[in-house]
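Chemist: model the structure of this input:
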Amino acid sequence: MNFEFSDKVKDLQRRLQAFLDEHIYPNERRFYDEIEQNRWSPTRIIEELKPKARATGLWNLFLPDSEHGAGLTNLEYAPPCEMMGRSVMAPEVFNCSAPDTGNMEVLARFGTLEQKERWLKPLLAGEIRSCFAMTEPAVASSDATNIQASIVRDGNEYVINGRKWWASGAGDPRCKIAIFMGKTDPSAPLHKQQSMILVPMDARGVKIERLLTVFGYDHAPHGHGEITFENVRVPVSNILLGEGRGFEIAQGRLGPGRIHHCMRCIGVAERALETMCRRVQSRVAFGKPLAEQGTIRADIAISRMEIEQARLLTLKAAYMMDAVGNKVARSEIAMIKVVAPNVALRMLDRAIQAHGGAGVSQDTFLADAWAKVRTLRLADGPDEVHTETIARLELKRWGKPPVPSSSL
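Modeler: Numbers count the residues shown, from 1 in each chain. Next comes the predicted model:
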């Protein structure tokens with residue numbers, strides 16, 4: 001494996017860094033202020049910066065298809081994705097924010113020409129937003145075979161019923177379309193029962209019951225919706241790929257989409273370490289700078305080691321996804337889904353400790369970042385599911401243990 005980045009990636013990093021320095025970091029305070037003034041409306045600063053990002057070619061960087069995106073491989077996308085992860089507002093400015101990235105990948109890979117024209121095109125242009133309706137409050141949705149929502153064909157329409165939650169992005173007034181996962185045939189084999197279908201958010205019978213908070217944060221104007229779908233009717237043409245293909249689509253969506261979160265976690269961890277280092281060099285306690293305290297120095301050293309390890313594992317997973325495909329790389333993908341958020345959380349916790357009371361307040365990005373990253377250990381599949389995958393694959397490598405000899 002050669003992790004030396006190409007000239008194309010280095011140039012992209014330089015241009016992205018210049019944009020972050022000139023337009024993103026100086027406007028973060030304005031971004032938060034605008035949310036406070038009108039929580040459930042798109043911020044003006046994001047809308048002002050989108051055309052600038054698009055004009056400089058920093059747009060839809062996540063899509064490997066050069067027709068729609070930057071034509072980057074997973075390995076090539078890792079460095080800019082990490083850079084965007086340093087700021088909560090950056091991904092949307094570059095039209096690289098979840099869940100739109102995953103939904104656009106689904107539409108680009110599996111959508112019909114009609115579906116692409118109606119929904120993918122405005123998503124690619126950053127004109128609308130979307131959500132992904134899979135998780136249900138009544139069942140353990142880490143096992144998607146538990147999903148109970150129904151998609152029933154009635155003539156030229158499908159009738160949809162179910163209650164979903166954690167539909168991230170549903171609070172945004174620009175959210176116009178949901179990708180909904182439900183059962184079309186409960187009698188089919190377990191992994192052929194589910195389908196995915198496009199449901200316009202303004203369809204009759206779609207109701208946002210409430211917006212959920214994450215450790216008290218509402219993440220406005222994005223929001224996480226609990227939504228009921230009651231006898232919602234959509235055309236048969238809204239089905240994605242065909243009945244019984246939901247799991248197939250989910251696997252295609254969740255591999256690249258979830259590693260993007262890992263890449264962004266590295267960026268969060270890097271910024272937390274930078275913030276911590278600046279803090280401890282400017283504060284004095286017990287007669288000397290915090291930076292001279294042994295425990296602080298140990299935390300800084302451990303943090304650097306952990307971040308470097310997590311980055312290398314992320315790059316390896318991205319490389320393998322490109323070289324041998326997601327199926328062969330599933331162990332590496334599972335590993336980084338556990339490692340990246342846990343490393344970022346430990347780094348954030350150390351930075352919060354070094355900041356004292358300021359670390360848990362709104363005066364730094366640390367508390368909000370901790371809440372966001374902590375959710376990834378659930379939203380991207382529980383750690384327990386990923387560790388089970390890793391263990392199963394590792395045991396499979398070595399086969400059954402030999403039977404001990406009776407003479408021993």
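
Chemist: so the nearest residue to residue 209 once chain neighbours are set aside: helix, strand or coil?
Modeler: Leaving aside its sequence neighbours, residue 209 sits nearest to residue 226 (C-beta to C-beta, 6 or more residues apart in numbering; 4.8 Å). Every C-beta, even on glycine, is put in place using the N, C-alpha and C of the backbone. At residue 226 the chain is in strand, as set by DSSP: H, G, I helix; E, B strand; the rest coil.

Chemist: where does the stretch 301-408 of the chain have low pLDDT?
Modeler: The model of the stretch 301-408 of the chain has pLDDT under 70 over residues 401-408.

Chemist: what sits against the residue nearest to residue 209?
Modeler: Residues near residue 226 by C-beta atoms under 8 Å, 6 or more residues apart in numbering: 137, 163, 164, 165, 166, 167, 208, 209, 210, 211, 212.

Chemist: what about the fifth one, how many residues nearby?
Modeler: Spelled out, that is residue 166. As a burial measure, residue 166 scores 22 neighbours (other C-beta atoms under 10 Å).

Chemist: which one is it nearest to, not counting chain neighbours?
Modeler: Per C-beta to C-beta, 6+ apart, closest to residue 166 is residue 135, 4.7 Å.

Chemist: that neighbour should be in a helix, yeah?
Modeler: No: the assignment for residue 135, made by three-state DSSP, is coil rather than a helix.

Chemist: what about residue 145, neighbour count?
Modeler: Burial of residue 145 is recorded as 13 neighbouring residues (other C-beta under 10 Å).

Chemist: residue ranges of the helices in the chain, please?
Modeler: 7-19, 28-37, 44-55, 74-84, 90-93, 100-110, 113-115, 121-124, 246-282, 294-324, 330-355, 366-379, 383-398 (DSSP state H).

Chemist: now those helices in TSV, with mean neighbour count?
Modeler: Shown next, in TSV, are those (neighbours: other C-beta atoms under 10 Å):
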stretch	mean neighbour count
helix 7-19	14
helix 28-37	14
helix 44-55	16
helix 74-84	24
helix 90-93	25
helix 100-110	22
helix 113-115	13
helix 121-124	18
helix 246-282	22
helix 294-324	17
helix 330-355	23
helix 366-379	20
helix 383-398	13
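
Chemist: now tabulate the ones you listed in CSV and tack on distance to residue 173.
Modeler: Shown next, in CSV, are these (distance: least, C-beta to C-beta, whole Å):
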stretch, distance to residue 173
helix 7-19, 26
helix 28-37, 14
helix 44-55, 13
helix 74-84, 24
helix 90-93, 14
helix 100-110, 15
helix 113-115, 22
helix 121-124, 14
helix 246-282, 24
helix 294-324, 34
helix 330-355, 29
helix 366-379, 21
helix 383-398, 34
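
Chemist: nearest to residue 156, out of the ones you listed?
Modeler: Among those, the nearest to residue 156 by C-beta to C-beta is helix 113-115 (14.3 Å).

Chemist: what's the spacing between that closest one and its chain's center?
Modeler: Distance, stretch centre to chain centre, for helix 113-115: 25 Å (C-alpha atoms, centre = their mean, to the nearest Å).

Chemist: contact partners of it?
Modeler: Residues from elsewhere that reach helix 113-115 (C-beta under 8 Å, 6+ apart): 107, 198, 237, 238, 240.

Chemist: of those residues, select the buried ones using a PyMOL command.
Modeler: Restricted to buried positions by 16 or more other C-beta atoms under 10 Å, the PyMOL selection for these reads:
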select buried, resi 107+198+238+240
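
Chemist: how about the contacts of helix 113-115 in a markdown table, adding pLDDT and distance to residue 150?
Modeler: Below are these laid out as a markdown table (pLDDT from 0 to 100; distance: C-beta to C-beta, whole Å):
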| residue | pLDDT | distance to residue 150 |
| --- | --- | --- |
| 107 | 95 | 23 |
| 198 | 98 | 16 |
| 237 | 97 | 19 |
| 238 | 98 | 15 |
| 240 | 97 | 16 |
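
Chemist: farthest pair in the contacts of helix 113-115?
Modeler: Maximum pairwise distance in those, criterion C-beta to C-beta, is 13.5 Å, between 107 and 237.

Chemist: low-scoring stretches of the protein, by residue?
Modeler: The chain contains residues with pLDDT under 70 at 66, 252-258, 401-408.

Chemist: centroid-nearest residue for it?
Modeler: The residue lying closest to the centre of the chain (C-alpha atoms, centre = their mean) is residue 261, at 4.2 Å.

Chemist: residues contacting that residue?
Modeler: By C-beta under 8 Å, 6+ apart, the residues touching residue 261 are 98, 337, 340, 341, 376, 380.

Chemist: now with 10 Å, please.
Modeler: Residues in contact with residue 261, defined by C-beta atoms under 10 Å, 6 or more residues apart in numbering, are 81, 85, 98, 101, 336-337, 340-341, 344, 372-373, 376, 379-380.

Chemist: how about residue 228?
Modeler: Residue 228 touches 161, 162, 163, 164, 165, 205, 206, 207, 208, 209, counting by C-beta under 10 Å, 6+ apart.

Chemist: state the number of residues packed around the last one.
Modeler: If I follow you right, that is residue 209. Neighbours of residue 209 using other C-beta under 10 Å come to 12.

Chemist: now swap in the third one and tell me
Modeler: Applying the criterion other C-beta under 10 Å, we find 17 residues in the vicinity of residue 163.

Chemist: any idea how far it lies from residue 286?
Modeler: According to C-beta to C-beta, to the nearest Å, residue 163 stands 55 Å off from residue 286.

Chemist: also the second one?
Modeler: Distance check for residue 162 against residue 286: by C-beta to C-beta, it reads 58 Å.

Chemist: between the two, which is the more surrounded one?
Modeler: residue 162 (21 against 7).

Chemist: and the nearest residue to that one once chain neighbours are set aside, what does it touch?
Modeler: Nearest non-adjacent residue to residue 162, counting by C-beta to C-beta, 6+ apart: residue 149, 2.5 Å away. The neighbours of residue 149, taking C-beta under 10 Å, 6+ apart as the test, are 133-134, 136, 138-139, 160-164, 180-183, 194, 229.
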